[in-house]
Structures are given as structure tokens and as C-alpha cells.
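Novice: sequence-free structure coming up:
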């Protein structure tokens, strides 16, 4: 597989140097692998920190900025960042109001953020954590005990980020993050496998004429393999799996997410089918986002994430956000 | 090749229906294939219209909204829209101040926009046109006489769109568009070929271990085929080809564009190399955009576009824009 890189061992470092050059509004410490908004720490503001393996861009580094994350810690491709990164990030964004770690449910991320929280607390930084486990497809996988964290992370980071930007205290920001994590559900589908720079070939075989339902974002196995389906059938399977687990009693935010290599033209067609199915199931979609937001390198495929919202959460969604990956309102 | 579609013949229609469902701020006429901002026609405002083959999303439909295009006309995949679409678009956005057609230099687009301009003039709509031909790689190709229009189109649409939004008259908006078109240069590189829904297999063969320099956005041939290069070498070749043709005497806007299937992680690493080469060549980069903006379905690869700007054009770049594909300032 051909890649636009200088060498497999340099991919993450090079990307961070490129981010630094392209985004003067961020402080990118490529050596220590921490991305921080330039005006951090913001006086009196809770610091929001996340991180995880690289390869899911714009998540998380592309979501650093006013109204979303204060800092992100990128690991190697599909590999957890280390506690030292998280402690540095916490120190960089801590203004005295405490720090919230947003953690996707992968075993390495969970262990390392736990250790980092202990270390930061020893340094006198109050740390809260929220675990995102929105993927309804698989409860235990190669990388996780319990449900994996995927597209719901975007909603947690955006809504908790908006609350923090408004000056909410740590307990309140954490409460928003937990409510959003609890109200989010995702389901992903692979048409092809991702290729990691280190391996140089697809992480699994997916024959022509087949797809994998319930895939994760690390090329790990899904729920089942099936003969190729239409976009409409995939929408029905995805929304069906989510609504088997969550019965919205109010409006939802909808993320129609591309995994990396699926053209936006196809994602919009798929998004139309998802919205059709949701209408048939009498789910009210308050806001829709279509695009590549929580990716898996060059994997072909998509995921659907729903997040049930109340008036407050909808207001936080609409609040301004200024990051490389998500921007509106100013 | 597997696709997230309902059928090759439905791809564009389905995408437009999905756009309509996801973006209530746009009026999407899926039947007649015209995308219009909801508040059009805006009193006293010049209407900015573009269009071209589908498969390059977010260009052009994703650039419709305040501060950019008033309407877009999507053709079939890699196929020019027809004059009837363009006339409808012109009528929908015409408020009496005239309409500017932004035309990428492909033979079909040029002919059809010419015919549409004549028809619209017969309907009493004053129409101006600007031709975008920024690709320095190839002067005559399968699809074009003269240079092809690619990434520079984004700059023309954004800057002329900002001028129109400020209330500039048609002559002035056209002058901005021409200046931007004249000041923009692009160079593209393919690591893999795109697959069109109709064909179902890659549009050309690109063996493992080779890349194609100077590629266009329709899977048409490039300038030369070479053994695989590093991101740094590709940056040097791309910037070198552009600077052989344009010697900036002031700051530039930089677009580091993904062709569709190249991960954002790689694009940022490549972008860092492009900025390094520009610094070595003493070119000042005023603003940088990294991402998938002018794509070629699921093609792996990238393009670099530079646009030399003065103070006025830089101010127009920073002006607010609210579209699905490009958004800032409000």
C-alpha cells in the first residue's frame, strides 16, 4: 500500500509538525505529543483533555480550540498515548478549576488515563474522568472490555467543551459529559479494511462482495459479515441496531461519519437513507453532521451516532466552536 | 469495488436528497440538480453560481451559503452539468444585480456555461464569467484545452463570494474572481486511481511502487509516472512545479488538499513538508487550509494550491463564510 509519508516510524511526528505549521492558533508540542489551545490555561475555566491512538483524525487533535478540547494527547497509530502526555496536557490547561479527562473505552486508554489522573492529583490538579462507550455493536473485543468508544466522543467533547467555555465548574462539566456519553449510541460498518503505516497492508481481509457490520475504529472485528448491502439496507441495519438499545424520547443529534476512504458523495447518499429510516421510526433529528470526523485511516465505511438531547444540550451544541475539525458561531 | 450506494445510476440523486435532509439551510432541488442558499435571491447582491461534475465534494454544492456561492449545479459523476441547470440556478439567485458564473476549465463545463449565459441573458439576467485554470501540470488533456481548473476554484469561490456578500457590484466581483483565478496555481499527485460508480473499477492502473505526478481530478493522465517518493520529495516536486510558473511577490494562501482516500494524518505530515519547502523558497504563507476540499471520489493522493494575495484579498479570505464545507466567522 502506498502512503503519503516519509517513513512509517515518522508518521505521527510529521503530522504533528504539519499541524503546528498549519495552525498557529494551537501550541503543538510534537516532541512530547501534546496539542494545546494557544490561550491555555484560560483563567477560571475547567480544562478539557482527551487523547487516544492516532489515525482517527480530526479526532482528537483537530478538536482542540475554544468551545471544545483544551488539549489532546495523540498516541502512535491505533495505540494509546502514555500517562506522561496526559499529565503534561493537564498541567498545560489547568487554571485552578480542575481538569476533565474524556476517555474512549479502550483498555490502554483507560489504564493510562487512570494513572495520569493519579499523577496529576499528586501535583495538586483536581481531575474528573468520563468514559465514552457508545458503540452498540460489540461488548467485548480485541481491544476493550465493554463497549468501545467511537463517534459519541465528538458529542461529549463538543457539549462538555461548550459547558466549560461558558465557565461551568468541574462538577457541572463532568455531569454534562456523563449525560452526553450515556445518551450516545453508535454503529459502524466497514466496506474495506484500514492499512496502518507499520503493517503496510490491510489489517483484515474483506472479500469483494462482503461487508462487516458493527466494526470498530481500529480494524478490529465487527458483529457479523454479510453479503454486500445497499446504502438503504446499511442505514436500516445501523439505525436498527442503535434503536434496539436506545429509545429516544426527544430529539437527537445525528453524526453520519465517514471512516476515511468513502467519498463525501456516498456519505450524503447514505445520510439521506439514515434520516429516512429515523423518520420512519419517528425519531426527530435536531441537527445533522455529515463528514469524516472519527476516522480509521483509509478504511472504507461509515458509522452512525445518535445522541439524545434536551434543550440545554441542544443549546451547547449550537454554541460557538473554533477548532480545525469543527467550527461555527465565530 | 464496493460502494456505499443504492445503485450507480442513483448516486448523484441520492446524495442531493441526503444534502437536502442534512442541510435545511440550503434549498436542494434534487430533481433539477440545483443547490441554492435558502435566502436567495438576496436583494441587491450579485449571484455567484458554479458547478461541474460530481465526485469532487465538498466542491461545489458544499460551498453554497453566505459568503461563498449562491448556487451550484452538480452534473453526473465527472460529467458536466447541462445549461438548463445553470439557467435555473441563475434565475434562482438573480436579484437584479447580475450573476457571475465560476467555470472550471473543462471543455464541457465551458461550452455549457457559455450556452447558459446566452440563455440567461435572453431572460434579462446580466451574466459575467470567470474561467479557472490553475493546474500547472498539463496544458492539454483528455478533457481540456488549456490548463485544467482544480483547487484554485475554492479560492475564487471564497474570495469572490466574500466580495459579493459585501455588496460589491458585478464588475467588481468579476474583477476579484479574475484576479484570484490569475493568481492561483495547483499541482496534484495520485497514489491510486479513483473508482467511478458507473465503471466500478479504478479509472487507471497505477502499480504498487509508482505514483503519478501532475494528475487531474477526473482520473485523467498526469505529467509523468515515477517510482514512489517520500512526502518530502512529493512536496518538493509539487511546490517546485508551481514556483516554476508563479513567482509570488507577496504572501500566499495555501491549500493542502486531499483527493479523497488519503488520511488526514498523512495530509498534515505532507502539509508540514509543503510549508517547509515554501519557507526554504522564501514564500510567505499567510493562511493554510489542510483537508479534503476538491476531491476525486476515493482517489488516494493530494494537491497543493497557492494563491498570491494582497491585503484586500486576505481580508476577503478572512471574511465570514457559512457553508457545509467551509465555515468560519459566524
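Specialist: Great, that's in hand. Keep in mind it's a predicted model, so treat the numbers as computed, not measured. Numbering: from 1, shown residues only, chains lettered A, B, ... in the order given.

Novice: Following the chain onward from the strand or helix carrying residue A:277, which element is next?
Specialist: If you go by DSSP states H and E, residue A:277 is part of helix A:264-280. Scanning forward in sequence from helix A:264-280 by DSSP H and E, the next helix or strand is strand A:285-291.

Novice: buried set for the helix holding residue A:277?
Specialist: A:264-278 (16 or more other C-beta atoms under 10 Å in any protein chain shown). C-beta here means a position set from N, CA and C on the backbone, and glycine is covered the same way.

Novice: Quick one: mean pLDDT over it.
Specialist: Summarised as a single mean, pLDDT over helix A:264-280 is 98.

Novice: So residue A:172, which state does it fall into?
Specialist: The local conformation at residue A:172, judged by DSSP: H, G, I helix; E, B strand; the rest coil, is helix.

Novice: What is the neighbour count of it?
Specialist: Residue A:172: 15 surrounding residues under other C-beta atoms under 10 Å in any protein chain shown.

Novice: Enumerate every residue touching it.
Specialist: residue A:163 (C-beta atoms under 8 Å, 6 or more residues apart in numbering or on different chains).

Novice: Check the secondary structure at the residue of the stretch 1-150 of chain A found nearest chain B for me.
Specialist: Here the residue of the stretch 1-150 of chain A nearest chain B is residue A:18; by C-beta to the nearest C-beta that distance is 2.9 Å. Under the three-state scheme (three-state DSSP), residue A:18 adopts helix.

Novice: which residues does it contact?
Specialist: For residue A:18, counting by C-beta under 8 Å, 6+ apart, the contacting residues are B:267, B:268, B:269, B:270, B:271, B:272, B:273, B:275, B:290.

Novice: if we go to 7 Å?
Specialist: Counting by C-beta atoms under 7 Å, 6 or more residues apart in numbering or on different chains, residue A:18 touches B:268, B:269, B:270, B:271, B:272.

Novice: and the gap between the residue in the stretch 151-300 of chain A positioned nearest to chain B and residue A:219?
Specialist: Across the stretch 151-300 of chain A, the shortest distance to chain B (C-beta to the nearest C-beta) belongs to residue A:272, at 2.9 Å. Counting by C-beta to C-beta, to the nearest Å, the separation of residue A:272 from residue A:219 is 28 Å.

Novice: all strands of chain A, in order?
Specialist: Per DSSP state E, chain A carries strands over the ranges A:26-29, A:34-37, A:47-54, A:71-77, A:99-104, A:127-132, A:184-190, A:210-213, A:224-227, A:252-258, A:285-291, A:301-308, A:321-322, A:327-328.

Novice: The third one pairs with which strands?
Specialist: The reference is to strand A:47-54. Paired with strand A:47-54 in the same sheet, following DSSP bridges, are strand A:71-77 (parallel), strand A:99-104 (parallel).

Novice: For it, give me every contacting residue.
Specialist: Outside strand A:47-54, the residues touching it (C-beta under 7 Å, 6+ apart) are A:12, A:41, A:60, A:69-81, A:85-86, A:89-90, A:93-95, A:99-102, A:104, A:109, A:157, A:160-161, A:164, B:265.

Novice: Which parts of chain A belong to which domain?
Specialist: A:8-182, A:184-317 (automatic domain parsing).

Novice: Looking at those domains, spot the one closest to residue B:330.
Specialist: Closest to residue B:330 of the domains of chain A, according to C-beta to C-beta: domain A:8-182, at 13.6 Å.

Novice: Just the endpoints, please. Distance across that closest one?
Specialist: 37 Å (C-alpha to C-alpha, to the nearest Å).

Novice: To residue B:113, which of the domains of chain A lies closest?
Specialist: Among those, domain A:184-317 comes nearest to residue B:113, with 21.7 Å by C-beta to C-beta.

Novice: Just the endpoints, please. Distance across that closest one?
Specialist: Span of domain A:184-317 from end to end, C-alpha to C-alpha: 14 Å.

Novice: show me what contacts residue A:12?
Specialist: A:54, A:74, A:76, A:77.

Novice: Top of the residues you listed by number of neighbours, please.
Specialist: Result: residue A:74 is most packed of the contacts of residue A:12 (other C-beta under 10 Å), 28 neighbours.

Novice: Need the pLDDT of it.
Specialist: pLDDT at residue A:74 comes out at 98.

Novice: Point out the residues in the stretch 101-250 of chain A that sit beside chain B.
Specialist: Residues of the stretch 101-250 of chain A lying close to chain B by C-beta under 7 Å from any C-beta of the partner chain are A:191, A:192, A:208, A:211, A:228, A:230, A:231, A:232, A:234.

Novice: of all those, which comes closest to residue B:186?
Specialist: residue A:192 (28.5 Å).

Novice: Over to the closest one: give its phi and psi.
Specialist: phi -160, psi 170 (degrees, to the nearest 10).

Novice: Pull up the gap between residue A:197 and residue A:5, please.
Specialist: 6 Å.

Novice: Now do the shared contacts for those two.
Specialist: Here residue A:197 and residue A:5 have residue A:11 as joint contacts, going by C-beta under 7 Å, 6+ apart.

Novice: residues contacting residue A:5?
Specialist: Here residue A:5 is in contact with A:11, A:14, A:197, B:231, B:266, B:269 (C-beta under 7 Å, 6+ apart).

Novice: wait, what's in contact with the closest residue to the last one other than its chain neighbours?
Specialist: The shortest distance from residue B:269 to any residue other than its chain neighbours is 3.4 Å, reached at residue A:14 (C-beta to C-beta, 6 or more residues apart in numbering or on different chains). Contacts here follow C-beta under 7 Å, 6+ apart; on that basis residue A:14 touches A:5, A:6, B:231, B:269, B:272.

Novice: which of these lies closest to residue A:25?
Specialist: residue B:272 (16.2 Å).

Novice: From chain A, how far out is the closest one?
Specialist: Look at residue B:272 and chain A: by C-beta to the nearest C-beta, to the nearest Å, they are 3 Å apart.

Novice: My guess is that residue contacts residue A:23. True?
Specialist: No - using C-beta atoms under 7 Å as the test, residue B:272 is too far from residue A:23 to be in contact (11.0 Å).

Novice: ok so, going back, just the closest of the contacts of residue A:5 to residue B:46, please.
Specialist: Distance to residue B:46, by C-beta to C-beta, is smallest for residue B:266 among the contacts of residue A:5, at 38.7 Å.

Novice: surely that closest one meets residue A:3?
Specialist: Yes - contact criterion C-beta under 7 Å: residue B:266 and residue A:3 qualify, at 6.0 Å.

Novice: Could you tell me how far stretch A:134-148 lies from the centre of the chain?
Specialist: 15 Å (C-alpha atoms, centre = their mean, to the nearest Å).

Novice: Name the residues of it that come out as buried.
Specialist: Those would be A:134, A:135, A:136, A:137, A:138, A:141, A:143, A:144, A:146, A:147, A:148, for stretch A:134-148 by 16+ other C-beta under 10 Å.

Novice: what does it rub up against?
Specialist: Stretch A:134-148 has contacts (C-beta under 7 Å, 6+ apart) with A:105-107, A:133, A:149-152, A:184-188, A:214, A:216, A:218, A:220-223, A:241-242, A:245, A:305.
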